[in-house]
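Participant: model the structure of this input:
(2 chains)
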Amino acid sequence: MQVPVYLDPERLDPEVRKPVQIENTRDPQHGDLATNVAMMHAKSMGMPPRALAELILDNLPASAEIEATEIAGPGFINIRLAKAATFAPIAACLAAGAAFGTHPATGESMQVEFVSANPTGPLHVGHGRGAAYGATLVNLLKARGHTVQSEYYVNDAGRQMNILAISVFLRYLEIVGESIRFPSGGYQGDYITELGQTLHHQHADALRVGFADLTAGVVEDGEETKDAHIDGLIERAQKLLGGGFEFPFQLALNHILADIKDDLGEFGATFDQWFSERSLVTSGEIDQALAQLESKGHLYQQNGALWFRSTAFGDDKDRVVRRDNGETTYFASDIAYIANKFNRGFDRVVYVWGADHHGYIVRVKAAAEALGFDPERLIIRLVQFAILYRDGERVQMSTRSGSFVTLRELRDDVGKDACRYFYVMRKADQHLDFDLSLATSQTKDNPVYYIQYAHARICRVIETLEGSDFDQARGLAHLDALTSQDEVDLATAVGRFPEIVAKAADTLEAHTLCYYLQDLAADFHRWYNGTRLLVEDLNVRDARLSLALAVRQTIANGLSILGVSAPEAM
RNA sequence: GUCCCGGUAGCUCAGUUGGAUAGAGCGACCGCCUCCUAAGCGGUAGGUCACAGGUUCAAUUCCUGUUCGGGACACCA
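Facilitator: Modelled structure (predicted):
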């Protein structure tokens, strides 16, 4: 809302500068704008708030934009705007169309990295929330006027990938006739067996080694030793197969990553870049980053390992970057990745992580600071897990048994729209009860259908006018025909959309958009239910239709940011 | 033990960065279709904003403490 210059807080009292507020009221009875100037300055002026308010009002010049002012409560000054200003958002919305709610370019360049799940299996419902939230953030930040790049960090180096490869390889051995004992630390699931079959199709018996040979010298599998056992198997396989271990490795990586891409694509989460962790190894960037920290004195040797002194930056303990066996840790990759991101020129980078990564925040920020980057530019958002409910019963998930619910299964079940909406409807860092029954229900209780239905209803009205003499210009010229409180509320709600987008983007709180859209849809349904749009008086009719069109545009734009469709008929 | 996130209507949650009489949906109860989609709308009931201090003209909001939940704290990835 444009604040008239004579209400400029800066001019009120040059001696006392307190953060005076002039804001949109939440209660229409308080007018359109309200200010607390009088209360803020009552003390310094040595007079009661209400008396000061009176003095201020007596000295205000008249304005065409302001219809009335009043003093209320403890000393608020309420301002009622002229009617034309109330309905101005209708024209603004219709003129801007799909761009309504977007903001001018800020010149700021941002990156949002999200999902980044290890490519060791299909995405499950936990990843889905990160995907929905991240994708929505990207849309919000773009609408805010920032330049945004979306990225998926592919963990294609490290132990987990080797465990995946050995798992596939063992299933392959099984297929070619070896009698094996599958390690307890290996990856379960039908997809592993399928990859083993593919490996067999590609290489026939060429990769076959004896299971006894593979386990020679490897410690027995057991509760305590399952890690050592599987690491031993990997080491043996690499030795026996030579470069051949790359076959199950690459096959699994490529296949699973393709599946993830496909899955996310159907979910409307697209990435500008898939960034390979391996590339940090091969390009020498990990060594470079460590050398940089070394030169600044942030590293030291102890017990054969190389440590980063993260405690110097607020961490509660130092962290290993190179283990005593010479391998760099996952954290070392992270450090190099931070440098890589900032060197690409982003002003701010956003990480969307699962809440289980909470413990990494301090060390990653520490690394950024140690590398010489302002840690404020590195923003981490945690996403809590979603708990699925069906008919009031919690849906059990277990990754161990391989019986987890995949994102794909969830999408097949409740559909993309409900998935996207439900995932982001709550604050990201809080637990989400995902009610599957509600998500699939086609009633007003389901917020997705409720909002979409408002859109469809408006489309239906427009459709019945097909070929008639609806004239938007006439409607906009007669907005004074809108007289009811419902119409004032609705137009005001439309006018709030740009600031809702801005705020959601600035705070990275996507859920506020969901609440806004529900409120907007409710305002519409109330109005629609009590007001006939297609009336005889063409001025009134076209004014109402213009309002309806503005509502439709706003809903469509909001849903678009959420990645939810805006159907024309339901 | 340390660190995060929470505690708001019976349930699930909002609460515009400290404002006026704390909101919505569900659930409960009572109503509304000869009319552009009833996949909708209206009304009623329901609250010591976990507790105690502090800052302020003003605290659900900020600070401290207490308490109760949930989670995180590897030479793992």
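
Participant: tell me who's in contact with the closest residue to RNA strand B within the stretch 351-500 of chain A.
Facilitator: Residue nearest to RNA strand B within the stretch 351-500 of chain A: A:Lys444 (1.3 Å; CB to the nearest atom of the strand). Any C-beta I mention is one placed from the backbone N, CA and C, and that applies to glycine too. Taking CB atoms under 8 Å, 6 or more residues apart in numbering, we find A:Lys444 in contact with A:450, A:453.

Participant: make sure it is indeed in a helix.
Facilitator: No: using DSSP: H, G, I helix; E, B strand; the rest coil, the assignment for A:Lys444 is coil, not a helix.

Participant: and it, what pLDDT?
Facilitator: At A:Lys444, the pLDDT value in this model is 79.

Participant: once you drop chain neighbours, what's closest to the residue in the stretch 151-300 of chain A that RNA strand B sits nearest to?
Facilitator: Taking CB to the nearest atom of the strand as the measure, the stretch 151-300 of chain A has A:Gly158 as its residue closest to RNA strand B, at 2.7 Å. Excluding the flanking residues, the one nearest A:Gly158 by CB to CB, 6 or more residues apart in numbering is A:Tyr330, at 6.0 Å.

Participant: how close does the one you found sit to A:Tyr337?
Facilitator: Distance of A:Tyr330 to A:Tyr337, given as CB to CB, to the nearest Å: 10 Å.

Participant: higher neighbour count, the two?
Facilitator: Remark: of A:Tyr330 and A:Tyr337, A:Tyr337 carries more neighbours, 23 against 15, as counted by other CB atoms under 10 Å.

Participant: against A:Ala368, how distant is the more buried one?
Facilitator: Counting by CB to CB, the gap from A:Tyr337 to A:Ala368 is 11 Å.

Participant: the helices in the stretch 101-250 of chain A, which residues?
Facilitator: A:125-143, A:159-175, A:190-203, A:211-215, A:226-241, A:246-266 (DSSP state H, counting those that start in this stretch).

Participant: can you list the strands that whichever helix or strand comes after the longest one pairs with?
Facilitator: Think helix A:246-266. As assigned by DSSP states H and E, the chain's next helix or strand after helix A:246-266 is strand A:273-276. Using DSSP bridges, the strands paired with strand A:273-276 are strand A:147-154 (parallel).

Participant: could you list the buried residues of the partner strand?
Facilitator: A:148-154 (16 or more other CB atoms under 10 Å).

Participant: okay but A:Met110 is in contact with A:Gly345, surely?
Facilitator: No: under the criterion of CB atoms under 8 Å, A:Met110 makes no contact with A:Gly345, lying 10.8 Å away.

Participant: in the stretch 351-500 of chain A, which spans are strands?
Facilitator: Ranges of strands in the stretch 351-500 of chain A, per DSSP state E, counting those that start in this stretch, are A:378-383, A:386-390, A:393-394, A:432-435.

Participant: starting at the chain centroid, how far to the longest one?
Facilitator: Taking CA atoms, centre = their mean, to the nearest Å, the mean C-alpha location of strand A:378-383 is offset from the chain mean by 10 Å.

Participant: by contact count, what packs against that strand?
Facilitator: helix A:125-143, strand A:348-354, helix A:361-370 (3 or more CB pairs under 8 Å, 6 or more residues apart in numbering; DSSP states H and E).

Participant: which bits of the stretch 401-550 of chain A sit near RNA strand B?
Facilitator: Contact residues, the stretch 401-550 of chain A versus RNA strand B (CB under 7 Å from any atom of the strand): A:426-427, A:429-433, A:442-445, A:449-450, A:453, A:456-457, A:459-461, A:464, A:503, A:506-507, A:509, A:511-512, A:515, A:518, A:522, A:525-526, A:528-534.

Participant: quick one, which of A:Met110 and A:Gly345 is more surrounded?
Facilitator: A:Met110 (23 against 8).

Participant: any idea how far the more buried one is from A:Val148?
Facilitator: With CB to CB as the criterion, A:Met110 and A:Val148 are 5 Å apart.

Participant: do A:Asn325 as well
Facilitator: In terms of CB to CB, A:Asn325 sits 40 Å off from A:Val148.

Participant: likewise A:Glu54?
Facilitator: Distance from A:Glu54 to A:Val148, by CB to CB: 49 Å.

Participant: likewise for A:Asp435?
Facilitator: For A:Asp435 relative to A:Val148 (CB to CB), the value is 31 Å.

Participant: A:Tyr389 now?
Facilitator: 33 Å.

Participant: would you mind listing what in the stretch 51-200 of chain A touches RNA strand B?
Facilitator: A:72-74, A:76, A:78, A:118, A:155, A:157-161.

Participant: turn those into a markdown table, columns for neighbour count and distance to A:Gly222.
Facilitator: Formatted as a markdown table, those follow (neighbours: other CB atoms under 10 Å; distance: CB to CB, whole Å):
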| residue | neighbour count | distance to A:Gly222 |
| --- | --- | --- |
| A:Ala72 | 14 | 75 |
| A:Gly73 | 12 | 72 |
| A:Pro74 | 13 | 72 |
| A:Phe76 | 21 | 72 |
| A:Asn78 | 20 | 74 |
| A:Asn118 | 16 | 25 |
| A:Asn155 | 18 | 27 |
| A:Ala157 | 20 | 28 |
| A:Gly158 | 17 | 24 |
| A:Arg159 | 13 | 19 |
| A:Gln160 | 15 | 21 |
| A:Met161 | 21 | 24 |
